[in-house]
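Engineer: give me a model of this one.
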Amino acid sequence: MTDAELRQLASALARLPVHALSSVRAGGNNRIFRAQTPDGPLALKLYPSQQADPRDRLGTEWRALSFLAKNGITGLPKPIACDPGHNLALYSWIEGQACPPGSGTWADTSRLAGFLTSLAPLGRLPDAQDLPLASAACPAPMDAFGQLQARRNRLQAIDSDHPGLSVFLRTRFDPACARFFAAAANGLNQAGIVGERALPPQRMLLSPSDFGLHNALRQPDGTLAFVDFEYFGWDDPVKAIADVILHPGSAFDDVCRQDFVAAMLPHMAATDPDFVTRFHMLLPVYGLIWCLILLNEFLPERWARRVMAGGRDDQKAEQDRQLKKAASLLDWIEGLHEHHIIAR
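Structural biologist: Residues are numbered from 1 along each chain as shown. Below is the predicted model:
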C-alpha cells in the first residue's frame, strides 16, 4: 500500500489525524512506524501477510499484550486498536534505543529474569488457561528433538546448492548432533523422565518466546522495556531460558549467561523437581536448534519474507555471516561445560 493509504489507515485506528509516518524498523518479519498525532507519537506495526507466514502474529501479540496490560505488567507497549484485515495494529509509543548485541549487563539480565518470573503467577489466572502454546513450543522433551530433525530436513533439501553449508552440516553439525542427541536421550531416560510426555500445566510457563535484548528498548532512565510478543504462549521454562541465553540478537557473554541462569533456576526448580535435569540435558539440543535457526537465511522462503519486509542486505554476504555464526555457536556448545552454564 502507498504511504498515503497507510497513513489513512493509521488515522482511522488512532481516531486522530496522523500527520506523519516514519519507518523505525524494517528487514525482519514486520515493519514498525512512528505515527505522529496531535496527542503524541504512537507505534504502528505492519505484520507479514498470512500467505507469507500462516501464523497469526497480530492476533497472538494483541491477545498477549492485552492480557499482560489487564494484569498490571508494565514496561510494554499498550494495545490501542487493530485492523486484522490490513495486518495492522496500533500501540503506545515507547521512547528508547535498541540494545546492540553484546551490550548486556548484570542489571539487564536481572531485569530479563525478573520479567519472566513475574509471568509465573499469571499462569494461575483463569483467563491464562485459554492462551495458546508459544510458537515452536516444546511441552514435552522429545518435541525439541523433533524440531531439531525437522529443521535439519529443511536444510537437507537445499544444502547441495551451497557447498559451504553442505560441508559444515555434514562434517561438523551432523556428528555433533548425533553425540548430543544420544547423551540427552540417555540422560533423560536415566532420570526417569519420559521424553514423549508433556509437562503438566502447573510446570509450564507463559513465555514471550522471542525474548531478550534484541526485543528490548533502553529507555531514557536506563531501564528496559520489552517489545515483540508475536510468539507468546505456554512453553517449557527450560526452552524459555535456553532461548534467552542462546539468541544471537542478545549475544550475551558467558558472565551474563551465568547470571541469567543463576537468577532463573531457583524459581523454576522450586516447583519442578525435574527442571534442573531437563535443563542440563536439553540445553545442548536447543543450542543445536539455534545453529539451524541461524542458517534460515539459506531458505528461499525466509529470504523472500525479509525482502518483503523491507530488507536490503546482500544475500550471499548475509548467508556467509550466518554460517560463521552457526560454526561459532557450535564451538560454544561443544565446550559447554567449560563455560560453567551447566554442571559436569
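Engineer: use CA for all of it now, contacts and neighbours both
Structural biologist: Fine.
Engineer: what is the burial count for Leu283?
Structural biologist: Look at Leu283: counted by other C-alpha atoms under 10 Å, it has 25 neighbours.
Engineer: my guess is it contacts Ala242. True?
Structural biologist: Yes - proximity of Leu283 to Ala242 meets the contact threshold set by C-alpha atoms under 8 Å, at 6.1 Å.
Engineer: so where's the protein uncertain?
Structural biologist: Low-confidence segments of the chain, defined by pLDDT under 70: 26-29, 52, 302-313, 340, 342-344.
Engineer: quick one: the helices in it?
Structural biologist: Secondary structure of the chain, counting by DSSP state H: helices at 3-14, 57-70, 106-119, 141-156, 163-168, 174-190, 237-246, 254-269, 275-294, 300-308, 315-334.
Engineer: which strands or helices does the last one pack on?
Structural biologist: Translated: helix 315-334. helix 275-294 (3 or more C-alpha pairs under 8 Å, 6 or more residues apart in numbering; DSSP states H and E).
Engineer: mind giving me the domain split of this structure?
Structural biologist: By the assignment in automatic domain parsing, the chain contains the domains 3-94, 98-339.
Engineer: so what's the gap between the shortest one and the chain middle?
Structural biologist: For domain 3-94, the distance between its averaged C-alpha position and the chain's averaged C-alpha position is 19 Å (C-alpha atoms, centre = their mean, to the nearest Å).
Engineer: the last one now?
Structural biologist: The gap between the average C-alpha position of domain 98-339 and the chain average comes to 7 Å, counting by C-alpha atoms, centre = their mean.
Engineer: any idea how far the closest residue to Gln50 other than its chain neighbours is from Lys78?
Structural biologist: In space, and not counting its chain neighbours, Gln50 is closest to Asp56: 7.0 Å by C-alpha to C-alpha, 6 or more residues apart in numbering. The gap separating Asp56 from Lys78 is 19 Å, by C-alpha to C-alpha, to the nearest Å.
Engineer: of the two, which one has the most company?
Structural biologist: Higher neighbour count among Asp56 and Lys78: Lys78, with 20 against 16, using other C-alpha under 10 Å.
Engineer: which ones are touching that one?
Structural biologist: Contacts for Lys78 (C-alpha atoms under 8 Å, 6 or more residues apart in numbering) come out as 65-66, 69, 91-92.
Engineer: between those, which is closest to Phe279?
Structural biologist: Phe279 lies nearest to Leu65 out of the contacts of Lys78, by C-alpha to C-alpha, at 28.1 Å.
Engineer: who's in contact with that closest one?
Structural biologist: Contacts of Leu65 (C-alpha under 8 Å, 6+ apart): 76-79, 229.
Engineer: pull out the buried members of these.
Structural biologist: The neighbour count (16 or more other C-alpha atoms under 10 Å) marks 76-79, 229 as buried among the contacts of Leu65.
Engineer: so which of the helices of the chain is the most packed in?
Structural biologist: Highest mean neighbour count of these: helix 237-246, a mean of 23 (counted as mean count of other C-alpha atoms under 10 Å).
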